[in-house]
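Engineer: Give me a 3D structure for the following:
(one chain, ligands or ions: 2)
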Amino acid sequence: MNIHEYQAKELLRRFDVAVPRGAVAFTPEEAASAARKIGGSTWVVKSQIHAGGRGAGRFAGDPDGEGGVRVVKSVDAVRAQAEQMLGKVLVTKQTGEAGREVKRLYVEEGCEIARELYLGMLIDRATSRITLMASTEGGMEIEEVAARTPEKILKVAIDPASGIQPFHARRLAFGLGLTGKQVSAASRFILSAYRAFAELDASVVEINPLVVTRAGDVIALDAKFNFDDNALYRHPDIESLRDETEEDPAEAAAGRHGLNYVKLDGSIGCMVNGAGLAMATMDIIKLYGGEPANFLDVGGGATKERVTAAFRLILDDPKVNGILVNIFGGIMRCDVIAEGVVAAAREIDLTVPLVVRLEGTNVELGKAILRDSGLPILSADHLADAAEKVVKAVKAIKAAQGHVQIQGEH
Ligand code: GDP
Ligand code: MN
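Structural biologist: Ligands and ions are numbered 1, 2, ... in the order given. All right, here's what the predicted structure looks like:
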């Protein structure tokens, strides 16, 4: 799960990580009063979207205008910039061409930047350790630094048993070329940020840029958090920061129904119980020359409601022109799945071929429910049979539409 920059900074603040003062604003008036409250003479007005590259981004319809991060010198200018950005679509390298509508702004006190650095933390799967990454190339995308000048990325892996130690932080601070009191400021920053990462069950924290100010302070000018979804139940306060308007609507709906759904680019929707079987189903669809439209695991204890929701999710994807339901009923009963499929197919005007392969507990009952429904459901006896049938049916539709070649055909 992602959160906004202003929320990330609020979390960091709780762990005594140095961040500038700021406030969120939903209207130009709120932005102006936030600036007044913050005081000073320079403010930064920042678009809040779940994507990076805002500074270098451009607003749709205004290619020559400024980006999504603006430095201003008066409260009136804060209001004016807020008016220009709110409700507009910001396009950045990370949003894709469609861009994202800016619905919130963050107004922050300006600071005098001496150096822009990079600090990242993530879980390195190879070592199973939280790994700190730092670089002198602040403001640049770390992927770019890794590709062009990998030697500029310093890495320190932390042993989870002993946790972070001051020498880890100092090693990074010296590696970044910091001196004098900057070293202790950076060390404090890194130790606290690590604590935030570990205690909040983050999967990624990125501070880009991490800046050294003219006064020698070390503060986070930008902050990105990503959380391990499997640990969110331990952090209801973080879960409540979720901004569903920033998430893929299908994946957000899946989350609400407890479904594991990942949208893909193909045309064959899949509904499967169990992640391993779902992977195998996608593989076999490809083996028979089709392309899966999604990964969808309805889980072991799915209810009729959940199956109906899953079905609707698949059909909401306009690319889908065939569905393969593949259920091995162990804990899950085939008759429950069958009822869900029939209910959903009735509710939504089913216009694409539907192939169902059921096996396991109550399989005969399940098959009977499908048969007696009167719906045009193609029943399959085993996995290969199911894949072959659905790919064939989809190809027939595409041929009828004039698209003779199906993607991935061989
Ligand atoms: P991103 O483009 O989405 O990564 O957004 P950032 O928060 O990183 O902002 C982009 C750039 O704006 C930063 O690299 C800074 O150079 C600049 N910037 C952000 N905040 C401030 C600030 O408080 N003062 C000044 N002078 N520049 C800032
Ligand atoms: Mn940034």
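Engineer: Check the secondary structure at Leu378 for me.
Structural biologist: Following DSSP: H, G, I helix; E, B strand; the rest coil, we place Leu378 in the strand state.
Engineer: now swap in Leu117 and tell me
Structural biologist: Using three-state DSSP, the structure places Leu117 in strand.
Engineer: burial of it, as a residue count?
Structural biologist: Using other C-beta atoms under 10 Å, Leu117 is surrounded by 24 other residues. For every residue, glycine as well, the C-beta is placed using N, CA and C.
Engineer: And it, how far from Lys103?
Structural biologist: Leu117 sits 30 Å away from Lys103, taking C-beta to C-beta, to the nearest Å as the criterion.
Engineer: In what element of secondary structure is the closest residue to ligand 1 within the stretch 201-350 of the chain found?
Structural biologist: The stretch 201-350 of the chain approaches ligand 1 most closely through Asp222 (3.2 Å), counting by C-beta to the nearest ligand atom. When elements are assigned from DSSP states H and E, Asp222 belongs to no helix and no strand.
Engineer: Verify the stated contact: it with Val211.
Structural biologist: No - the criterion here is C-beta atoms under 8 Å, and Asp222 misses it with Val211 at 9.3 Å.
Engineer: how close does the residue nearest to Val75 when sequence neighbours are not counted sit to Gln401?
Structural biologist: Spatial nearest neighbour of Val75, excluding adjacent residues (C-beta to C-beta, 6 or more residues apart in numbering): Ala35 at 4.8 Å. Ala35 sits 56 Å away from Gln401, going by C-beta to C-beta.
Engineer: Which one of those two is surrounded by more residues?
Structural biologist: It is Ala35, of Ala35 and Gln401, that has more neighbours when counted by other C-beta under 10 Å, with 28 against 9.
Engineer: In three-state terms, how would Ala147 be classified?
Structural biologist: Using three-state DSSP, the structure places Ala147 in helix.
Engineer: Can you report how many residues lie near it?
Structural biologist: Using other C-beta under 10 Å, Ala147 has 9 neighbouring residues.
Engineer: check contacts around Glu5.
Structural biologist: 46, 48, 106, 222-224 (C-beta atoms under 8 Å, 6 or more residues apart in numbering).
Engineer: Contacting ligand 2 as well, which ones from those?
Structural biologist: By C-beta under 5 Å from the ion, the members of these lying near ligand 2 are Asp222.
Engineer: right, and the helix or strand after the helix or strand that contains Leu358?
Structural biologist: Assessed by DSSP H and E, Leu358 sits inside strand 354-360. Scanning forward in sequence from strand 354-360 by DSSP H and E, the next helix or strand is helix 363-372.
Engineer: Switch the contacts of Glu5 over to a markdown table; also include pLDDT and neighbour count.
Structural biologist: Formatted as a markdown table, the contacts of Glu5 follow (pLDDT from 0 to 100; neighbours: other C-beta atoms under 10 Å):
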| residue | pLDDT | neighbour count |
| --- | --- | --- |
| Lys46 | 98 | 28 |
| Gln48 | 98 | 24 |
| Tyr106 | 98 | 22 |
| Asp222 | 98 | 23 |
| Ala223 | 98 | 26 |
| Lys224 | 97 | 19 |
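Engineer: Next to ligand 2, which bits of the stretch 201-350 of the chain? Give me the list.
Structural biologist: With the criterion set to C-beta under 5 Å from the ion, the stretch 201-350 of the chain comes near ligand 2 through 208, 222.
Engineer: can you pull out the strands in the stretch 201-350 of the chain?
Structural biologist: 202-213, 218-220, 224-227, 260-263, 268-272, 294-297, 322-329 (DSSP state E, counting those that start in this stretch).
Engineer: Please work out which residues outside the second one touch it.
Structural biologist: Residues from elsewhere that reach strand 218-220 (C-beta under 8 Å, 6+ apart): 9, 12, 17-20, 111, 178, 182, 185-186, 188-189, 193, 207, 210-213.
Engineer: Helices of this protein, residue ranges please.
Structural biologist: 5-14, 28-38, 75-85, 142-148, 166-175, 181-199, 236-239, 249-256, 275-287, 304-315, 334-347, 363-372, 383-401 (DSSP state H).
Engineer: Save those as CSV, and put in mean pLDDT too.
Structural biologist: Putting the helices of the chain into CSV (pLDDT from 0 to 100) gives the following:
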stretch, mean pLDDT
helix 5-14, 98
helix 28-38, 98
helix 75-85, 98
helix 142-148, 92
helix 166-175, 98
helix 181-199, 97
helix 236-239, 96
helix 249-256, 86
helix 275-287, 96
helix 304-315, 86
helix 334-347, 86
helix 363-372, 94
helix 383-401, 91
